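>>> Give me a 3D structure for the following:
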Amino acid sequence: MTVLEVSGVANLRDVGGIAVGSSSVRSGVLFRSGQLAGLTPGGGEMLRGMVRHVVDLRDDAEVAAEPSALTDVVTTRIPLFVGSVASFFEGDVSLAGMYRHLVDDAAPRLVDAIRVIAAGEPTLVHCTVGKDRTGVTVALALSAVGADREQVVADYALTASQLPEARTRRIVQFLQSQHPGSQHLIDLATASPAPVMRELLDEIDARHGSVADYLRRSGLSTAELDALGSVLVA
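Have a look, this model is predicted:
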């Protein structure tokens, strides 16, 4: 993975280089990040030179609060959560529980996001901070083409170190004021522990046979999976 510095965007990286058997994920094909509301004009110029399609996984309220500044690149909005982001904090759901919710209840939308990647244009996938919805989507796309499990997990785990500290402090303080006594709040807002993603992917394997099988059962065709492999794997 390559962490990229683009002004106004946090947690941006190219997942190219992750091993896939004796091959690897292509560089310049799949990017991931947090929201693009703070993108500067110079940062926008850089991103337009890198990506041709953006997948925005946020819900309507998030988009209204922080609209993307990258308005001249094709963007597909796929709100990934069933219900609001706030509902996970209100219900004090664990990080692992949130990810199981995504896999169980948002499977058709996860497939829609992966279809965009499989279409072959350099694609940026993002949510608000690029941790949970983005992390699950990218991990599934990479795992479906046989990417090395530990390197996929490492890519997910890298996020916690990439989140802007000042923003994280503000978010945690606000959430603590709204949900005093929450056990899982800090993890939901800031953490990306490797064991949680490893457990999710292992659970998908146990329940469905493989991530590719899970995606097939959720509506992704074999031809689309083949296209995903052709796009991602060098």
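>>> State the number of residues packed around residue 200.
A count of nearby residues for residue 200, using other Cβ atoms under 10 Å, gives 25. Using the backbone N, CA and C atoms, a C-beta is placed for each residue, glycine as well.
>>> So it lies in a helix, does it not?
Yes: Residue 200: assigned to a helix according to DSSP: H, G, I helix; E, B strand; the rest coil.
>>> Quick check, it in contact with residue 95.
No: Residue 200 is not in contact with residue 95 according to Cβ atoms under 8 Å; the separation is 9.6 Å.
>>> where's the residue nearest the centre of the chain relative to residue 126, distance?
Geometric centre of the chain, nearest residue: residue 134, 1.0 Å, by Cα atoms, centre = their mean. When distance is defined by Cβ to Cβ, to the nearest Å, residue 134 is 6 Å away from residue 126.
>>> what is in contact with those two at once?
Contact criterion Cβ atoms under 8 Å, 6 or more residues apart in numbering; residues shared by residue 134 and residue 126: 32-34, 57.
>>> Check whether the residue nearest to the centre of the chain sits in a helix, strand or coil.
Once three-state DSSP is applied, residue 134 turns out helix.
>>> quick one: the helices in the chain?
Assigned by DSSP state H, the helices in the chain fall at 41-48, 60-65, 86-90, 95-105, 107-118, 133-144, 149-158, 165-178, 185-190, 194-208, 211-217, 222-232.
>>> and those helices, which one's lowest on average pLDDT?
Among the helices of the chain, helix 86-90 carries the lowest mean pLDDT, a mean of 69.
>>> How much space separates the residue nearest to the centre of the chain from residue 9?
12 Å.
>>> tell me, what's touching the two both at once?
33-34.
>>> about what we covered before: tell me who's in contact with the residue nearest to the centre of the chain.
So residue 134 contacts 32-34, 57, 125-127 (Cβ under 8 Å, 6+ apart).
>>> Just these: which are in strands?
Those of the contacts of residue 134 mapping onto strands are 32-33, 125-126, per DSSP state E.
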